[in-house]
Each structure stands twice: as structure tokens, then as C-alpha cells.
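Participant: Just need the structure, nothing else, for what follows:
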Amino acid sequence: MGDPFDVEALLRLPRRGGLALAPDGERLVVGAAALDGKGAKYTSSLWQADPAGVHPSRRLTFSAEGEMDATFLADGSLLFVSERPAGADPAEGPVRMGIWHLPEHGEARLLRRPPGGVVAPSAGTAARTLAAAREAHRVAYVIAAFPGAPDDAADRAHEAARETSGTTAILYETYPIRYWDHWFGPRERRLVVADVDPQRGELREVLTLAPEADNPLAMEEVSFDLTPDGKTLVTGWRDASEFTVRRTDLVAVEVGTGARRVLATDPGADFEDVRCAPDGRHVACVRHTHGEPARAEATALCVVELATGELRDLTRAQELDIAEHTWGAGGDCLYFTASKDGRMPLFKVTLADGVVTRLSDDGHFSDVCPATDGRVFALRSRMESPPEVVAVPADGHADQVVALHPDEGSASHGQVEEGWAKADDGQPIHYWLFLPPGASSAAPAPLLTFVHGGPRSSWNGWQWRWSAAVMAAAGYAVVLPDPALSLGYGQDFVQRGWGAWGERPFADILATIDAACARDDVDADRVALMGGSYGGYMANWTAGHTGRFKAIVTHASLWDLDQFAGTTDDALWMEWEFGDPWVDASRFRENNPSAGAPRIQTPMLVIHGDRDYRVPVTEGIRLWVELRRRGVEAKFLFFPNENHWILNPGNIRAWYQTVQAFLDQHVKGEPWRRPELL
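Facilitator: Residues are numbered from 1 along each chain as shown. This next block holds a predicted model:
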């Protein structure tokens, strides 16, 4: 019998992401983050996988700072970004992200390190760090530079002047002012196109696109790509000049002249995840329609003709919420992923007839890379196993997905079953159930419920953030429900909970708990619940609406919607769903978890990171203070240097140790064990 799958085993697993395929289809490169020798931090590196699946992967990069976002140039050499200090002048300030070039045979060389660094997009966005032309040695990327600074020397001088004066202030004139875990400014984002000389290892800028003074956030978190010949840059362009009217247009920029024209615009939508076609005449993108109080938001995969701006909607009729997409090697089809019934399958849509074909049955697919030989490479995870590199036949034979040289990092961890419960309104509700070793009718396991964030999300693959496998190995049966608002069950299913975050999803979650508790290997008298982000909202709502649970863990959670709506990093999306609170605040009142404060009796563990700007830490502090004021047993686990996610390995250990100790105390009846390092 192997070692238990505890938090240390979870931390040791390589975290794969960022798959890239060479133009000739002969090389696959994937990023992998792993613990350093001290087990104190993750370091990312690039690995080359064998497309034939014969030879094991081999490591390409080795720096202590790590490398990520591998992108192939037309000649098959690699670009990546890194904070490697090589070539840096200590007198020029801190070392920031730079662009490096790695030939197929030879050492990596630094191409450019701007004073403000190359900007990597935030996790979960459709933007890329680097976008290379298919046929030209040309690349697009985003840098951070002070407004008005014409070059790196001026930018560096401006930074030095601010440091000398002691000035750290930032003046904001537009909204939003921060995003997830960082504040915008004082530098602005600029989109750069540059020619790469692989022989000399040089980068020469040919276009720098800076935002206008009245719209400094035009290029914040937007997606971009280059046509195959590198002559046209296609990018999102945010209009954030007014608080109540915001959209992301699709624009084309001629690299030679800088002339910009709008390809697609809609006051009620954003155009995201830009991908230029191999023929150079079309652009694929995701049209993300904003929600309104009476109508839920939605996404669709679209194709836009570059010359005319003519737009075709390819997937709206299927009601699929698009996660990512890419062009087929021949340009006659698009491959995409979308949530579907608790999975993230791979799909193909042909441009000629708009027929959508599902190419995979089980698993969560990402980082899709179509090859010229008819195969599609991707990363695939399952609920019980982390991402691995696989090859998918493009002819639709879903049972022929092949893992390329699987290793210990792609093994299964835990016993998982799938189920459907019936809600009180008759709606089927999908859920996954992890079962611990040894659970039986003679020794039923306590039940722990995980509520996902989003709320437009679903449980459809391996989770690094909250591992049900770890909690199952600790002796808990873990149920993961997809209640109303979850993706993958059609637009009407989202609409069931739109603007009604509390009662409807709450009832759906209770239905899945009842289904799990009906099993003889689950103990219906020992039940707990936990959730993060929207899941934390639901944990708080649950605490105020039932005393059924022995313990509740709430992470990065919404507590008071009035307070939250004014302090979150992007208040507008809240108004799209709940309406203008100064016109009609009824939805804010009806769905406010804090209204249930007088009824809470369940012991609660409140967790929050100080750098969480999506759900500011004041939500967690206020909740904990309310619980303490009312005499509810509660603990507050605070992370000064974490954001919406817990990313540092030492903090991940502290998170699991505290959560397990709290649950074991209140659910299993064990003595409280304070983690040693806390």
C-alpha cells in the first residue's frame, strides 16, 4: 500500500501548463512548476515532450528563477519569459521579467528586459504573454512603462526620480484601479511588436502601441495575436472611459503604420481570446455578452473576416460556454473546450458548415495544439488525476485519447463516483463524490461538501486549489456539486440562479448532500461544508440558513454585498447582474449573507488573503468580528502575502493543516491541534 495522499504528496506533484507545438510538429514543450530543494517555493521550467510518446520528457531550462510561457518562432526556436538575472546591471534597479530566445541546439540568450518588465497576464484571463507570427520572425508582447517615457532610458530615469523623492502615490482618473492581486499604475501597459533575429539573438521594435491619455486602461488584460505574415496585430481594446459603459472592442493595427481600425464592437459585449487564422484572412475570438438583471451573461465562439469585419457566430446555438480555442492546422476548423456535464471536453467546429463535433468523453482538456498529422495535443486532467500531455485523434474517436509517456505526476489519487440528484423543483443536479479508503456501512465516513467559486464555473477536473483527494485521504467523503449558476448544463440552468445567488443554489446543494447521505457508507450525522470566493459566499449563506452542519470553512468569501459591491476590483460586473443599487437595491438585500448573522450557531473557520482585491479582506474581517460579537466559535486564518488564491507552498501547508484540524475537531470530535508554525 502506497503512502497516503496528503498535502506533502500534493505539493510534490509537478504542475503542468502552457503546452506549445513546434511548426513542424516535431517538438512539444510544456511548462512544469515543482518545489525547490527546500520545499519552500515553486520554480517553473520548460520540458520537451516526445510527440510519439516513446521517449520520456527532458528538461530544457534550469534557472532558479524559472521560465514560462514558451512560444515557438517560425524556425522552430523558442521564446520564453523569465526573471533570470543574467545580463542585468544592479545599478539599473530590480530585475524584472525579460524575453529570452532558446535555439533548438544551444544556450538561451536574453533579448530584452524593459525597466518595467514584460507583463504576464493574470491567471484565468484569455490574454497571452507572447504571440508569435506563424511565418515571420515577429513577436507581440506587453510591457509596463511610465506614461510619456519614450524609451527604456527615460523610463528608468522616471523610476529613479520617484524612488529618490520617496513618492509612491498613484493618481487615478478612470475605473477600475486594481485587478485580482495588483493595483494598476503607476506604469501603463504598452503593446509592442518586434522583429526577432534568431542568429544574432536580437530584438528590434517595429511598433509600440500606447493607450491614449483619456483611456489609460485600454490594454489592461486584453488578448492579442499576429497574422501569419506579422503585418497585422489584432487585439482587444478596452473602453473604460466611463464607469457605467465598458466594453472590449476587437481592433486591427497595421504594424507598418500603426493605423488602427475597429473590427467588431458591441456596447454590451467583450471580444476576447484573439486567434488569427493560418490563412491570414480571419480572426477567431470569444464574444462575451454582458449580463443584465433579467438575462444571464453568455459566451460564443465567433469568426471575423479581417478585411470586412463580417462576424459569424459558430456556437451560440449549442449554449456552450467557451473556455479556450485555437485554429486547426489547415485553417478549415477550430478546436475549442467548453464545460459540459461536469467535464471540459474538446470540440471541433468546421467553418464550412458550422457542425460541432465532440472529440473527447472524459476529462478536463486545455492548452490545445493541433498538429498537421491529424492529431491534437493537449493537457488533460480528471477529477482524480492532475494534467498530463495527451494526443487526441481529430476524427472524433473519443475512446482513442492517448497519454504521452505518463509518469508519477499523472497517476490517479482517490476513488471518485459520479451522481445526479433531483432538486426540489425537479431539476437534475450533477455532482462528483470522492470516497475515502475503508468507508463502509460498518464504518461510514463523515461528509464534506466543496462549493465551487465563480459562480459561473463547475467541478470538471483536477483542482490544485482545493484537493478533494487530500481530504478523502484524511478520512472524509467529499461531495462536489454543480448547483444553479454552474456551467455545462445550458443557459437556462445558469438563469435559474442569475441574480438569486442564495436560495436556489442553496437548495440544489442540499439536494446533492441528501443524495450522498442516503448512502450507507456516508455518515449523515457528521456533515461539514466549505467554499471559496462564491463558494465562500454560499458557506456564509448556509451558516445563516441552517444548523445542519457541524462546521463551516469559508475562504475569500463575500459577507456583506453592499460593502463588497463598492470595494471589489470590478464593481460593474456586479451591477450587470444585481442592478444599480441606488435605483433598486432589492437583489442586494435579498441575497445578502450578512442578514443571516443573528441565526448563525455553526463553528466557522474564516480564511482570507490581504492581497485579495476581488473579494477584499474587509469581507473576512467583518464576518469574523460579527461571529465573535455574537459568541459563535470562530477562527480567522489570515495570509498577509496571499491573494484570492493561496500560492506559497508553506502557506498551502498551513491552510490544509488548519482546515483539517478545525474539521477534525468539530466533525470527528478530535482535540484541537494548532498547527506548529502558526
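Participant: surely A131 meets D69?
Facilitator: No: using CB atoms under 8 Å, A131 is not in contact with D69, being 10.3 Å away. The C-beta positions use only the backbone N, C-alpha and C, and glycine is treated the same way.
Participant: And A140, its phi and psi?
Facilitator: phi -110, psi 140 (degrees, to the nearest 10).
Participant: State the number of residues packed around it.
Facilitator: Other residues within reach of A140 by the criterion other CB atoms under 10 Å amount to 25.
Participant: and it, how far is that from A32?
Facilitator: Distance of A140 to A32, computed by CB to CB, to the nearest Å: 25 Å.
Participant: again with H290
Facilitator: 36 Å.
Participant: what mean pLDDT would you report for stretch 354-366?
Facilitator: In this model, stretch 354-366 has a mean pLDDT of 94.
Participant: Could you check that stretch and say which residues are buried?
Facilitator: Neighbour-count burial for stretch 354-366 flags V356, L359, S360, D362, G363, H364, F365, S366 (criterion: 16 or more other CB atoms under 10 Å).
Participant: One more: stretch 451-458?
Facilitator: In stretch 451-458, counting by 16+ other CB under 10 Å, buried: V451, H452, G453, P455, R456, S457, S458.
Participant: cool, and stretch 529-548?
Facilitator: 529-545.
Participant: pLDDT on it, on average?
Facilitator: Per-residue scores along stretch 529-548 average to 98.
Participant: again with stretch 242-262
Facilitator: 91.
Participant: Between its first and last residues, how far does it reach?
Facilitator: Stretch 242-262 has an end-to-end distance of 19 Å (CA to CA, to the nearest Å).
Participant: Stretch 313-333 too?
Facilitator: 14 Å.
Participant: Over to stretch 378-393?
Facilitator: 11 Å.
Participant: can you pull the contacts of the nearest residue to F639 once chain neighbours are set aside?
Facilitator: Closest residue in space to F639, ignoring its immediate chain neighbours: G609 at 4.4 Å, by CB to CB, 6 or more residues apart in numbering. G609 is in contact with A556, V617, F638, F639, P640, N641, E642, N643, H644, W645, I646, counting by CB atoms under 8 Å, 6 or more residues apart in numbering.
Participant: Filter these down to the buried ones.
Facilitator: A556, V617, F639, E642, N643, H644, W645, I646.
Participant: Quick one: mark the members of the residues you listed that sit in strands.
Facilitator: F639 (DSSP state E).
Participant: Just give me the closest of the buried ones among the contacts of G609 to E135.
Facilitator: W645 (38.1 Å; CB to CB).
Participant: does the nearest residue to that closest one once chain neighbours are set aside sit in a helix or strand, and which one?
Facilitator: Closest residue in space to W645, ignoring its immediate chain neighbours: R465 at 6.0 Å, by CB to CB, 6+ apart. In the assignment (DSSP states H and E), R465 maps to no helix and no strand.
Participant: isn't F578 right up against F588?
Facilitator: Yes: look at F578 against F588 with CB under 8 Å: they come within range, at 5.7 Å.
Participant: Neighbour count: these two, which is higher?
Facilitator: Between F578 and F588, counted using other CB under 10 Å, F578 has the larger neighbour count: 23 against 18.
Participant: so who does that one touch?
Facilitator: P293, G499, L561, A565, R587, F588, N591.
Participant: Mind doing that once more with 7 Å?
Facilitator: P293, G499, R587, F588 (CB atoms under 7 Å, 6 or more residues apart in numbering).
Participant: repeat for S339
Facilitator: Counted by CB under 7 Å, 6+ apart, S339 has contacts D321, A323, S458, N460, L487, G488.
Participant: Tell me the one among those residues nearest to G258.
Facilitator: A323 (32.9 Å).
Participant: Find me the pLDDT at the closest one, would you?
Facilitator: So A323 comes in at 96 (pLDDT).
Participant: List the single closest residue to A52 in space, sequence neighbours excluded.
Facilitator: L404 (7.9 Å).
Participant: How about A149?
Facilitator: D155 (4.0 Å).
Participant: May I have the beta-bridge partners of L21?
Facilitator: L28 (DSSP bridges).
Participant: Show me how the record splits this structure into domains.
Facilitator: Residue ranges for each domain of the chain read 112-313, 415-666, as given by automatic domain parsing.
Participant: Which among these is found nearest to A394?
Facilitator: Across these, closest to A394 is domain 112-313 (CB to CB), at 15.1 Å.
Participant: what's the first-to-last distance across that closest one?
Facilitator: Domain 112-313 end-to-end distance (CA to CA) = 39 Å.
Participant: how about the helices of the stretch 251-400 of the chain, start to end?
Facilitator: With helices called from DSSP state H, counting those that start in this stretch, the stretch 251-400 of the chain shows none.
Participant: Do a quick rundown of the strands in it.
Facilitator: For the stretch 251-400 of the chain, the strands defined by DSSP state E, counting those that start in this stretch occupy 260-264, 269-276, 282-289, 298-305, 311-313, 322-327, 333-338, 346-350, 356-358, 364-370, 375-382, 385-393.
Participant: Pairing partners for the next helix or strand after the last one, with directions?
Facilitator: On the C-terminal side of strand 385-393, the nearest following helix or strand under DSSP H and E is strand 402-403. Strand pairing for strand 402-403, using DSSP bridges, gives strand 385-393 (antiparallel).
Participant: Need the per-residue pLDDT for the residue lying closest to A127 once chain neighbours are set aside.
Facilitator: Take A127 and drop its neighbours on the chain: the residue closest to it by CB to CB, 6+ apart is P121, 3.6 Å away. Looking at P121, its pLDDT is 85.
Participant: Next: P481.
Facilitator: 98.
Participant: got a list of what it touches?
Facilitator: Counting by CB under 7 Å, 6+ apart, P481 has contacts I429, Y431, D508, I509, T512.
Participant: The residue located most distally from the centre of the chain: helix or strand, and which one exactly?
Facilitator: Distance from the centre of the chain peaks at A442, with 41.0 Å (CA atoms, centre = their mean). Assigned by DSSP H and E, A442 belongs to no helix or strand.
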